[in-house]
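Chemist: Coordinates for the following, if possible.
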Amino acid sequence: MNPSSHGRNWSQNPRFWAGTALIVLIMNICRPTVAQLTIRLPVPPLKSASVNTDLGCDRLQDGRRSAAFAPKILREQRAQWALGSKLAADVDRNYELITDHFILQYVNRLERTIVNESELPGCFVVKVLIDPEANAYSLPGGFIYLTTGLIALVESEGQLVAALAHETGHITGQHLTRIDGQARTLRGVLFFGGPVGFALWRSVGRLVVLKLMRNKEFEADRLGLRYEIASGYEPLEFCRFLQLVFRKEEQSEPFFDRLNETHPSTNVRVRRLRASSSDLRAHQPVHIVNTSEFSEMKKHFSSELSLN
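Modeler: Predicted coordinates:
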C-alpha cells in the first residue's frame, strides 16, 4: 500500500525518525502474517550495487555467552533472522545504498560496540540508504538501516550511537513481530463478534495499534539508553539527538492529531530519558560525546555524497 494513501507522506515528517519496520505493519495491518509484509521505504527505487561488505557478521553469534546461550533463544533468534533476511534482501534489491567501505566499517564498528558492551546475542548489520530524510529503520533479526540524511544531521558520535542503540532496542524487543501478534489477536477477537466486532475494529483497531507502537517507542528509548551508557557514551547525547531530529515538531498539537501518531511527544520521551539516565550514568565511569574518528567519518561522508 502506498504510504500517501493515508493522507500524508510519512517520509516527509521528521517525527518518524526511528521509522522502523513497525511503520510497515500499520500500512499492512490487514495482511494475515508478518512474513507476507513487503517493506516500502521512502527512497526512490533505484538499482544499487550488491553490498557484500566484510562487516564481520556472517553468522548468528552470542558474543560472550556461548556456554549459557539457551537453545530456545537461539531458535527464536534464527526465526527472527530468517524473517529479517527476507525483508532486508528486498530493501537491498530495490533501494540505493552507500557502498563506501570506510563509512560502512565505521557505523558497523559502532554497532558492534553496542552489541559487545551490552552483551547482546545475535548478529547485527548496519547499512546506509541514500535518502535526504533523517531516518533510521530496523528489521527483525538484526538489520539496521540509517539514511544519509540522518548521518548528515548528527553532530556527535554519541548522537549517532543513540540512533543505532534505539533501533537495536526495537530489534531486541522484537517489536515488529510482537505488535503484529497483538494486532492479529485483537482483530480476531473483534471479528468473532460479527458485524459489531468488525465495526469496532474499523473504528478503534488502528488507534489501538498506534498506541502499541508508541509504547514500543518508549521501550526502544529505554533499551537504547541502557545500551548507549553500557557502550561508554554520554546519555544526554540521546536526549540531544531526539531534540535535534524533532526540532521542527510543534510544541503543542490537538489531541486527536496526537492519537494518530506512531511516535510519542518528544518532550515526554526526553523527560523520561533524563529521569532514567542519572541512575544508569552513575554506574558507567566513561561518558564519550565525540571522537576524532567521527570527525574523520563526517569529512569522508561529505566527500562521498558530493561524488554521488
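
Chemist: distance of Ala136 from His287?
Modeler: Separation of Ala136 from His287 (Cβ to Cβ, to the nearest Å): 23 Å. In short, each C-beta sits where N, CA and C put it, glycine included.

Chemist: low-scoring stretches of the stretch 151-300 of the chain, by residue?
Modeler: When residues are selected by pLDDT under 70, those of the stretch 151-300 of the chain lie in 175-215, 248-265, 278-284.

Chemist: Now do the helices in it.
Modeler: Per DSSP state H, counting those that start in this stretch, the stretch 151-300 of the chain carries helices over the ranges 157-172, 175-192, 194-200, 206-230, 236-245, 255-259, 266-281, 292-307.

Chemist: Alpha carbons only: can I get the last one in CSV?
Modeler: Read that as helix 292-307. Only the C-alpha atoms of helix 292-307 are listed here, as CSV (Å, rounded to 0.1, in the frame of the first residue of the first chain):
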residue,chain,number,x,y,z
SER,A,292,38.3,12.1,16.1
GLU,A,293,37.0,9.1,14.2
PHE,A,294,33.6,10.7,13.9
SER,A,295,35.0,13.9,12.6
GLU,A,296,37.1,12.0,10.0
MET,A,297,34.0,10.0,9.0
LYS,A,298,31.9,13.1,8.5
LYS,A,299,34.6,14.6,6.2
HIS,A,300,34.8,11.4,4.2
PHE,A,301,31.0,11.2,4.2
SER,A,302,30.6,14.7,2.7
SER,A,303,33.1,13.9,0.0
GLU,A,304,31.3,10.6,-0.8
LEU,A,305,28.0,12.4,-1.1
SER,A,306,29.4,15.1,-3.4
LEU,A,307,30.6,12.4,-5.7
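
Chemist: Pull the number of nearby residues for Asn108.
Modeler: 21 (other Cβ atoms under 10 Å).

Chemist: right, and it touches Val115 too?
Modeler: No: judged on Cβ atoms under 8 Å, Asn108 makes no contact with Val115 at a distance of 10.1 Å.

Chemist: On the three-state scheme, Lys127 is what?
Modeler: Judged by DSSP: H, G, I helix; E, B strand; the rest coil, the three-state class of Lys127 is strand.
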